[in-house]
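S.K.: Sequence and predicted model, in that order:
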Amino acid sequence: MSVEPVLDIRGLTVSYGSATPVKGIDLQVAPGEKLGLVGESGSGKSLTALSVMRLNAGARLGGEIRFQGRDLLALSEREMAKLRGGEIAMVYQDPMSSLNPVLTIGAQLIEAVRLHDRVSRQAAHARAVELLADVGVPYPEERMAQYPHEFSGGMRQRVMIAMAMSSRPQLLIADEPTTALDVTTQSRIIDLLDRMAAEYGTAVVLITHDLGIAAGFCERIQVLRHGRTVETGAVDDVYARPQDPYTQALMGAVVDLTIDVDRPIPTAVEVLERGTDAVVAESLPPREPGDVLLSVRDVTKRFRLGSGRVVTAVDGVSFDVRRGETFGLVGESGSGKSTVSKAVLALNPIDGGAVEFDGVDPHRIGGGELRQLRRRMQMVFQDPFSALNRRQTVSQLIEAPLKAHGIGTKASRSEKVREMLRLVGLGDEFAERFPREMSGGQCQRVSIARSLALEPDFMVLDESVSALDVSIQAQVLNLLRALQRELGLTYLFISHDLAVIRYMSSTVAVMQQGRIVEMGPRDDLFADPQHEYTRSLMAAIPVADPAQERERRRLAAELDERTGASTTTLLTKGRA
């Protein structure tokens with residue numbers, strides 16, 4: 001006797017005016033089942049998820065969406081509101097757009113708990129602290145009093161996952177839930193989702209561009225392209241024997257620790273057009289680095305939490321970056337990577353040490369002098385949604401730095417906008433779109449285009465490809481390397497993805513709890529890591545092979561059990 005699916009989608013279409021980005025998708029998920037929805041940015045993954053929640057404003061929905069036998073498209077808005085966040089929960093790709101910026105993290109978590117559980121405010125507060133602790137937020141009691149802007153991107157995503165889990169829903173839709181997280185935190189979140197599915201029979205739809213994460217977590221895989229399903233099946237079968245050329249192309253674009261760092265990454269588009277065997281990229285040796293462009297010496301930065309506790313986010317960090325090289329900074333979320341980047345650009349004051357860029361300390365100058373220096377130092381932020389003004393079109397966003405610095409005429413700036421769009425793989429039709437009309441990956445490409453518009457010498461790339469699917473990630477990494485060779489750009493490349501760091505960087509520094517614990521040439525560091533923390537990060541990297549990834553996760557769980565590192569389960573029995 002077959003089990004009735006908790007979610008049953010038949011012939012789903014999503015239309016905006018004359019455009020139909022989702023063109024008849026079927027999708028079924030059984031209780032406790034874990035389905036992976038993969039595909040490139042713009043393939044319809046997130047639109048499908050938003051349709052289940054009925055949150056894609058302005059869209060015309062066709063077909064059927066049934067949850068536990070109920071037709072969601074026939075429910076009133078009031079009836080849908082009762083389901084959202086309770087029986088059906090969703091973790092969104094962009095945590096900042098889901099959190100209220102004027103309410104504390106604690107207030108928002110307490111509200112989520114009390115919305116579904118009839119408990120006292122004191123009990124809800126205790127539950128909220130437990131939720132923060134179990135998704136890996138340090139000092140959870142103190143963090144309750146902080147606001148979303150005081151959390152890193154990875155920390156905000158953990159808060160969203162805690163909120164989604166608070167009601168123990170029957171269906172959880174996780175839209176890129178681990179995008180902003182380092183490999184160890186990724187593993188922790190995936191383990192929590194696993195336990196949720198096993199202990200409560202929660203069906204999980206995991207939308208992800210990380211084929212390694214999907215390989216170890218999902219039981220079935222559904223591949224989307226241009227709003228249609230191109231392949232679906234058991235995870236082992238799809239990974240071992242992908243039938244559709246597009247699925248094969250996606251698998252070929254994965255960046256892992258075995259990729260040849262001297263060649264461009266074959267993108268899905270290239271593989272589809274020319275075939276896997278035809279994509280033979282020429283060797284691309286990097287430029288020889290020049291003299292020191294950026295020097296960071298004993299930089300320290302402290303923050304005071306609401307309780308009065310002082311946290312040292314960066315503790316005596318020192319490194320040099322030479323002209324024309326890529327210096328990679330890797331570590332877990334909260335290790336201090338982004339704080340270092342803001343210190344380099346003098347976006348935040350420092351409490352000790354010094355920064356010198358091309359002989360000038362940006363912390364010791366101001367006004368027009370600092371303005372001119374920052375034209376040469378650009379940054380691509382981790383969260384594209386919060387970095388872009390949502391009231392401006394793409395054209396206005398890319399043109400803004402040119403206008404601010406008085407560069408060019410209106411006509412020349414318009415041509416520069418088109419040039420930048422082409423560089424990052426977006427067509428001219430994107431020029432008049434707003435950020436809300438684009439996917440996360442497309443927004444990040446706009447951020448990169450805006451940073452390139454001023455033709456800087458030095459760029460800080462803070463998790464600049466973490467929001468991108470594997471194929472677009474490959475395009476952007478190839479683009480960044482090509483620009484570096486052609487223009488002599490210097491990069492400070494920050495990432496939690498060791499495989500991407502290995503591909504992009506010539507020198508790598510590993511950060512843990514505000515300090516650099518290991519640093520050296522890329523080949524030496526990856527061939528023979530000296531620090532235990534570096535070795536643990538490498539061991540936590542997901543593998544895009546289901547059997548190998550399940551074995552890696554099993555060994556990691558055994559190690560946690562032996563060392564006592566496993567976390568207290570988030571899914572406590574009964575109600576608080």
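M.R.: Received the coordinates, thanks.
S.K.: What helix or strand is the most centrally placed residue in the chain located in?
M.R.: Centroid-nearest residue in the chain, with Cα atoms, centre = their mean: residue 179, separated by 2.7 Å. Of the helices and strands defined by DSSP states H and E, none includes residue 179.
S.K.: you'd agree it is up against residue 466?
M.R.: Yes - the pair residue 179 / residue 466 is scored as a contact, 5.5 Å apart, by Cβ atoms under 8 Å. All C-beta spots, glycine's among them, are computed from the backbone N, C-alpha and C.
S.K.: Which is the succeeding secondary structure element to the worst-scoring helix or strand of the chain on mean pLDDT?
M.R.: Across the helices and strands of the chain, mean pLDDT, DSSP states H and E gives its lowest value to helix 268-274, namely a mean of 71. With elements assigned by DSSP H and E, the helix or strand that comes after helix 268-274 is strand 292-304.
S.K.: could I get that following strand in CSV with only the CA atoms?
M.R.: Provided in CSV are the C-alpha atoms of strand 292-304 (Å, rounded to 0.1, in the frame of the first residue of the first chain):
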residue,chain,number,x,y,z
VAL,A,292,53.5,44.0,-1.4
LEU,A,293,50.3,46.0,-2.1
LEU,A,294,48.5,45.3,1.2
SER,A,295,50.1,44.8,4.6
VAL,A,296,48.1,43.9,7.7
ARG,A,297,50.0,44.0,11.0
ASP,A,298,48.8,42.8,14.4
VAL,A,299,45.2,44.0,13.7
THR,A,300,42.8,43.6,16.6
LYS,A,301,39.1,44.3,16.7
ARG,A,302,36.7,44.0,19.7
PHE,A,303,32.9,44.2,19.9
ARG,A,304,30.8,44.8,23.0
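S.K.: name the helices or strands packed onto it?
M.R.: strand 310-322, helix 337-344, strand 352-357, strand 490-495 (3 or more Cβ pairs under 8 Å, 6 or more residues apart in numbering; DSSP states H and E).
S.K.: Tell me the buried residues in it?
M.R.: Of the residues in strand 292-304, 293-296, 299-301 count as buried by neighbour count, 16 or more other Cβ atoms under 10 Å.
S.K.: what does stretch 88-104 give?
M.R.: 88-96, 98-99, 104.
S.K.: is it true that residue 245 touches residue 272?
M.R.: Yes - in terms of Cβ under 8 Å, residue 245 counts as a neighbour of residue 272; the distance is 5.9 Å.
S.K.: Low-confidence ranges, the stretch 301-450 of the chain, go.
M.R.: 306-307, 440 (pLDDT under 70).
S.K.: To clarify, my last question referred to the chain.
M.R.: Residue ranges of the chain with pLDDT under 70: 1-2, 94, 153-154, 180, 274-287, 306-307, 440, 467, 559-576.
S.K.: Kindly state the domain boundaries assigned to it.
M.R.: As recorded under automatic domain parsing, the domains making up the chain are 7-252, 292-539.
S.K.: Output those in a markdown table, with distance to residue 546 appended to each entry.
M.R.: Below are the domains of the chain laid out as a markdown table (distance: least, Cβ to Cβ, whole Å):
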| stretch | distance to residue 546 |
| --- | --- |
| domain 7-252 | 5 |
| domain 292-539 | 16 |
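S.K.: Mind checking those for the one nearest to residue 553?
M.R.: Closest of those to residue 553 is domain 7-252, at 5.2 Å (criterion: Cβ to Cβ).
S.K.: tell me how far the closest one is from the chain's mean position?
M.R.: 14 Å (Cα atoms, centre = their mean, to the nearest Å).
S.K.: Between the two ends of it, what distance do you get?
M.R.: Separation of the first and last residues of domain 7-252 by Cα to Cα, to the nearest Å is 31 Å.
S.K.: CSV for the helices and strands packed on strand 292-304, including mean neighbour count?
M.R.: Formatted as CSV, these follow (neighbours: other Cβ atoms under 10 Å):
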stretch, mean neighbour count
strand 310-322, 18
helix 337-344, 23
strand 352-357, 17
strand 490-495, 25
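S.K.: Return the set of buried residues in stretch 77-89.
M.R.: 83, 85, 87-89.
S.K.: What are the contacting residues of it?
M.R.: With contacts defined as Cβ atoms under 8 Å, 6 or more residues apart in numbering, stretch 77-89 is touched by 52-55, 67-68, 72, 75, 90, 112, 115-116, 163-165, 167, 169-173.
S.K.: could the helices and strands packed on strand 292-304 go into TSV alongside distance to residue 378?
M.R.: Shown next, in TSV, are these (distance: least, Cβ to Cβ, whole Å):
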stretch	distance to residue 378
strand 310-322	14
helix 337-344	12
strand 352-357	12
strand 490-495	10
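S.K.: Quick one: closest of these to residue 62.
M.R.: Going by Cβ to Cβ, the one of the helices and strands packed on strand 292-304 nearest residue 62 is strand 490-495, 40.1 Å.
S.K.: so how far is residue 451 from residue 16?
M.R.: Per Cβ to Cβ, to the nearest Å, residue 16 is found 29 Å from residue 451.
S.K.: Between these two, which has more neighbouring residues?
M.R.: Between residue 16 and residue 451, counted using other Cβ atoms under 10 Å, residue 451 has the larger neighbour count: 21 against 14.
S.K.: Quick check: the more buried one touching residue 459?
M.R.: Yes - judged on Cβ under 8 Å, residue 451 makes contact with residue 459 at a distance of 6.2 Å.
S.K.: Mind listing the shared neighbours of the two?
M.R.: 378-380.
S.K.: Contact partners for residue 183?
M.R.: 496-498, 537, 540-542 are the contacts of residue 183 under Cβ under 8 Å, 6+ apart.
S.K.: Could you export those to JSON lines, including columns for distance to residue 518 and neighbour count?
M.R.: Shown next, in JSON lines, are the contacts of residue 183 (distance: Cβ to Cβ, whole Å; neighbours: other Cβ atoms under 10 Å):
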{"residue": "496", "distance to residue 518": "16", "neighbour count": "26"}
{"residue": "497", "distance to residue 518": "17", "neighbour count": "21"}
{"residue": "498", "distance to residue 518": "12", "neighbour count": "24"}
{"residue": "537", "distance to residue 518": "10", "neighbour count": "23"}
{"residue": "540", "distance to residue 518": "16", "neighbour count": "19"}
{"residue": "541", "distance to residue 518": "16", "neighbour count": "18"}
{"residue": "542", "distance to residue 518": "22", "neighbour count": "25"}
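S.K.: Out of these, list just those in helices.
M.R.: Of the positions in these, 498, 537 sit in helices, assigned by DSSP state H.
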